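Asks: 3D, please:
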Amino acid sequence: MIVSLVSALFAMFAIADLALGQLDAEPGDGVRAAFFLAVWPAAVFLAQVYSEALFLALSFGALATARRGAWFWAAALAVAAVFTRATGVLLVIPFGWMWFFGGGPRTIGRAILGLSPALAYLIWRLLFGADFDFVETRYFGRWPFAIGPSIDAWRDFAATLTDNSDPQLRAYNFVELAGIVAGLATSLLLWRRDKALTLYGLAIFAVVATSGAALGMHRYVLSMPALFLAPAALAGDHPVFDRLWSLACCLGLAVLTILFTFGFWAG
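Replies: Okay, here's the model as predicted:
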């Protein structure tokens, strides 16, 4: 619990730093981005014994330090992120973008540091890959790029949205759908400001969406920086949007907190 809570705090610091580094950023964007992370409905998992908080602290921290040119620390955080969740390997996308388009010297040393997520992933696969695959496939029904099972899972997911026989499942899947729409819509909004972080978030979304199961998307979109950066920038110019987004997130967080409290599971 302590690790999760402290990690959530550092994830808020990191996303705030990323927000302040955006194109045309305003002074309040950092606080807004951190706040939107804290009140996103699935943020309930940041205060539980799940890997979300630690992964966000490490991955957002890696992105923030890379933006500041501290490539050694960025690589160290990225390696730790890979060993926390396998999707950390996708940090190689924004690292590569920053290395090539960042304007700094494109040295071999920086290239190696930029490839650190991929190198860490290869080491992780050699050490723990078989055991991880066993647990993921046998107990969670997930594996990378399971296209056929994913199509079936999303077809079943869509059918529940119009099925009145199980109102609880229908209501929950609408929460999942809201997370999907929010993740994709904010990515579209962030594209002009930050292509590197947008591509990173979309890559995470694509890997999760094709993993063979349509479950937990409101949790997995937490890893998409656009989900917090785009609303923070938009809220600075449109106070009405700020209030509506904050209210919707807080209500969703309250609902999922109640579900978790009574059933100890909310997706």
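Asks: thought Trp245 was touching Ala233?
Replies: No: here Trp245 does not reach Ala233: they are 11.8 Å apart, not a contact under CB atoms under 8 Å. For every residue, glycine as well, the C-beta is placed using N, CA and C.
Asks: compare these two (neighbour count), which wins?
Replies: More neighbours surround Ala233 than the other of Trp245 and Ala233, with 24 against 19 (other CB atoms under 10 Å).
Asks: so what's that one scoring on pLDDT?
Replies: Looking at Ala233, its pLDDT reads 96.
Asks: residues contacting it?
Replies: Ala19, Gln22, Asp24, Ala25, Glu26, Asp29, Leu189, Arg193 (CB atoms under 8 Å, 6 or more residues apart in numbering).
Asks: please tell me how far it sits from Leu9.
Replies: 22 Å (CB to CB, to the nearest Å).
Asks: packing partners of the helix or strand hosting Val92?
Replies: Counting by DSSP states H and E, the element that carries Val92 is helix 92-101. The contact analysis (3 or more CB pairs under 8 Å, 6 or more residues apart in numbering; DSSP states H and E) places helix 92-101 against helix 52-67, helix 108-114, helix 116-139, helix 195-209.
Asks: mind listing what's buried in the helix or strand hosting Ala34?
Replies: Per DSSP H and E: Ala34 is located in helix 29-39. The neighbour-count check on helix 29-39 (16 or more other CB atoms under 10 Å) flags Asp29, Gly30, Arg32, Ala33, Ala34, Phe35, Phe36, Leu37, Ala38, Val39 as buried.
Asks: repeat for stretch 53-69
Replies: Buried residues in stretch 53-69 (16+ other CB under 10 Å): 53-67.
Asks: do stretch 167-185 as well
Replies: Quick answer for stretch 167-185 (16+ other CB under 10 Å): Tyr172, Asn173, Val175, Glu176, Leu177, Ala178, Gly179, Ile180, Ala182, Gly183, Leu184.
Asks: now it: mean pLDDT?
Replies: Across stretch 167-185, the per-residue pLDDT values average to 91.
Asks: ditto for stretch 199-216
Replies: Mean pLDDT, stretch 199-216: 95.
Asks: that stretch: how far from the chain's middle?
Replies: 10 Å (CA atoms, centre = their mean, to the nearest Å).
Asks: neighbouring contacts of that stretch?
Replies: Outside stretch 199-216, the residues touching it (CB under 8 Å, 6+ apart) are 63, 87, 90-91, 93-94, 97, 140-147, 149-150, 153-154, 156-157, 176, 183-184, 187, 190, 217, 220-221, 223-227, 267.
Asks: ok, Asp156 to Ala213 distance?
Replies: From Asp156 to Ala213 the distance is 10 Å (CB to CB).
Asks: phi and psi next, for Arg142.
Replies: Note on Arg142: its backbone torsions stand at phi -130, psi 150 [degrees, to the nearest 10].
Asks: likewise Trp191?
Replies: Torsion angles, degrees, to the nearest 10, at Trp191: phi -50, psi -40.
Asks: can you check Ala226 too?
Replies: Taking degrees, to the nearest 10 as the convention, Ala226 sits at phi -60, psi -30.
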